[in-house]
Structure formats: C-alpha cells, structure tokens
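**Student:** The following comprises the amino acid sequence and a computationally predicted model.
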Amino acid sequence: MEWVQDIYRQPLVNVKGVPLIKYIGEMVESIQSFQAWPDDVLISNFPKSGSTWVTEIMEMIYQGGSLEKCHRAPIYERVPILELKWPGLSTGIQILKDTPAPRLLRTHLQLTLLPQSFLDQKVKVIYVAHNAKDVAVSFYNFYKMAKGHPEPGTWDNFLEKFMDGQVSFGSWYQHVLEWGELSCTHPVLYLFYEELKKNPKREIKKILEFLGRSLSEETVDHIVQHTSFKEMKKNPMANYTTIPTEIMDHSVSPFMRKGIVGDWKFVFTVAQNERFDAHYAEKMAGCKFNFRWQL
C-alpha cells in the first residue's frame with residue numbers, strides 16, 4: 001500500500017519537549033480543549049506498562065463482568081486513547097464524542113500534555129506503573145512491530161534512547177514520577193504491574209474501592225480469570241490483532257508478547273544492566289515508589 005510508505009517509520013516530533021509519533025503529536029494541540037466530565041475515569045501509564053490489561057479489567061467492572069458486552073468491539077474502540085490518531089482509524093476524540101457517560105478513556109501522555117479539564121474536573125485516574133527494565137524490553141519489541149515508530153535500531157542503541165527519554169512519549173522517569181506526584185493533590189490510584197501479576201484479585205478490589213463500586217466475589221474471580229494474560233492473548237477484542245498488518249505486524253512480535261515480570265534478565269547484558277542501574281539510581285533518587293525487578 002503506497003500510502004503506508006509515506007506515514008510509517010517517520011522521525012518523532014517534539015511537542016513541548018516530549019518526543020511523539022508524528023500523528024499523535026499533531027493531536028496534542030487539538031485535544032487541549034477537550035472537555036472532561038466529572039464521572040470520567042482516566043487510565044494512564046507509560047507505554048507497555050499494562051494499560052491494556054487494566055483497561056480490560058475496568059471494562060469488565062463497568063459491564064458487570066459480562067464477556068458478551070466486552071466482546072462488542074476492539075478494546076481501542078471500547079476505551080479510546082485520548083491522543084490516538086492514525087490514518088484509516090477513528091481518532092480517540094471521534095470515538096469519545098459518541099461515548100455515553102460514564103466514560104472510560106486512556107492516555108500515555110506526559111502529565112504536562114494532559115488537557116487541563118481533567119484536573120479541573122478532578123477526574124479519577126488509575127495509573128499503572130511497570131518496572132523500567134521490562135518496559136524498555138517490551139517497548140523495543142513494540143517499536144519493531146508497530147510501524148508508526150521510527151526504526152528501533154539495535155537493542156543497545158534503543159536502550160540508550162530509552163534512558164535518555166528519546167523514545168515515543170518521552171522519559172519513563174518523568175512519567176512515573178510526575179503522575180505519582182499528582183496523587184498528592186488529585187484522586188489517583190497508583191498501581192504496579194508487578195503487584196497485579198502477583199495478586200490480581202487484591203488489586204482489582206483496590207480498583208473497586210477507588211471507584212466506589214462493588215461486585216460479588218464470584219464476579220471478581222470471573223474477571224481475574226478472563227483478564228489473565230493467557231485469555232487476553234487469544235482474545236481478538238483485546239490483543240490488537242484487528243489492527244491492519246500495515247500498522248502492527250504481529251508476525252514480527254505479537255502485541256501481547258510474554259506478560260511476565262523479569263523478562264529483562266534474558267535481554268540485558270551485564271554491562272547494560274550495570275549502566276542502567278547507575279543511571280536509574282541517579283534519576284530515581286529520593287523516589288517513594290518501590291519498583292520490583294522480579295517476583
């Protein structure tokens with residue numbers, strides 16, 4: 001397809017100091033006037049940190065555990081990404097115009113690029129954080145299969161860019177820290193991917209309490225089962241296989257690849273790990289959050 005050649009593997013664009021895919025960068029200014037509603041719930045995280053998983057959990061909560069309702073459309077249409085834009089697909093804003101309250105929506109944006117109305121309306125935020133080493137590995141594989149990104153280059157070069165915040169959506173460090181700081185003044189439930197893996201039922205109950213909702217133990221167990229990595233990986237309404245191959249090539253790397261904690265140990269060299277640890281200690285000095293590298 002000739003049109004694809006003109007839009008994929010383009011350099012990132014800089015928006016207020018944040019590198020973004022070209023088409024997402026073009027959306028940032030236009031979404032600043034987006035009007036959030038008080039009963040919206042926003043799911044936020046840095047890419048490849050578990051937002052698809054938490055989004056499916058949230059959808060099942062909102063649908064009372066109904067699989068049929070959660071299979072009505074692909075996840076990116078059921079819970080749109082605010083800044084999503086790609087030729088041939090509906091933008092996040094377009095989908096949200098037809099979404100009745102109460103709305104679930106997602107973002108990967110740095111806090112500095114978030115429309116002010118979310119803060120003014122005190123919209124509840126569920127933030128999902130994932131340890132930086134596993135995110136770097138997952139993002140590298142995502143870069144390879146999702147052709148809106150620039151060519152990822154070698155793993156070593158990509159890791160340097162990741163550490164320097166020169167990947168799509170910018171710095172992992174800035175993202176997890178600034179959204180975490182927001183929790184001091186705003187209703188934010190800060191979750192960790194690793195804790196979700198260790199005890200999903202406990203974390204789902206945290207979400208329910210935060211939302212002021214209740215479900216039976218049986219329904220919660222049902223949600224745990226059907227939002228497991230094994231189930232979601234084979235679910236076309238959750239695994240992004242409905243996206244055209246020209247945009248996401250699952251033969252290069254599936255969108256839902258491993259879903260484990262500690263995958264970085266199979267990829268990082270000893271030298272890379274030592275360099276990363278030193279850089280991490282500098283960037284995260286004084287951080288109150290305790291990220292786990294393995295379970």
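**Tutor:** All right, it came through fine.

**Student:** Am I right that residue 279 is in contact with residue 164?
**Tutor:** No: between residue 279 and residue 164 there is no contact under C-beta atoms under 8 Å: 9.2 Å. Any C-beta I mention is one placed from the backbone N, CA and C, and that applies to glycine too.

**Student:** what about these two, which has more around it?
**Tutor:** In this view residue 279 and residue 164 are compared by other C-beta atoms under 10 Å, and residue 279 has more residues nearby, 15 against 11.

**Student:** wait, what's in contact with the more buried one?
**Tutor:** residue 163 (C-beta atoms under 8 Å, 6 or more residues apart in numbering).

**Student:** Is it correct that it falls within a helix?
**Tutor:** Yes: applying DSSP: H, G, I helix; E, B strand; the rest coil, one finds residue 279 inside a helix.

**Student:** tell me the pLDDT at it?
**Tutor:** On the pLDDT scale, residue 279 is placed at 98.

**Student:** if I look at it, how far off is residue 171?
**Tutor:** 12 Å (C-beta to C-beta, to the nearest Å).

**Student:** what about the closest residue to residue 173 other than its chain neighbours, how many neighbours?
**Tutor:** For residue 173, ignoring the flanking residues on the chain, the nearest one in space by C-beta to C-beta, 6 or more residues apart in numbering is residue 283 at 4.5 Å. Around residue 283 there are 16 other residues, counting by other C-beta under 10 Å.

**Student:** repeat for residue 139
**Tutor:** Count around residue 139 with other C-beta under 10 Å applied: 25.

**Student:** That one - nearest residue in space that isn't next to it in sequence?
**Tutor:** Using C-beta to C-beta, 6+ apart, the nearest residue to residue 139 is residue 48, at 4.7 Å.

**Student:** how many neighbours does the one you found have?
**Tutor:** 24.

**Student:** what's it in contact with, if anything?
**Tutor:** 130, 135, 138, 139, 142.

**Student:** Make sure the last one is actually in contact with residue 254.
**Tutor:** No: Residue 142 sits out of contact with residue 254 when judged by C-beta under 8 Å, with a separation of 10.1 Å.

**Student:** ok, the two, which is more surrounded?
**Tutor:** Neighbour comparison, residue 142 and residue 254: the larger count goes to residue 142, with 20 against 16 (by other C-beta under 10 Å).
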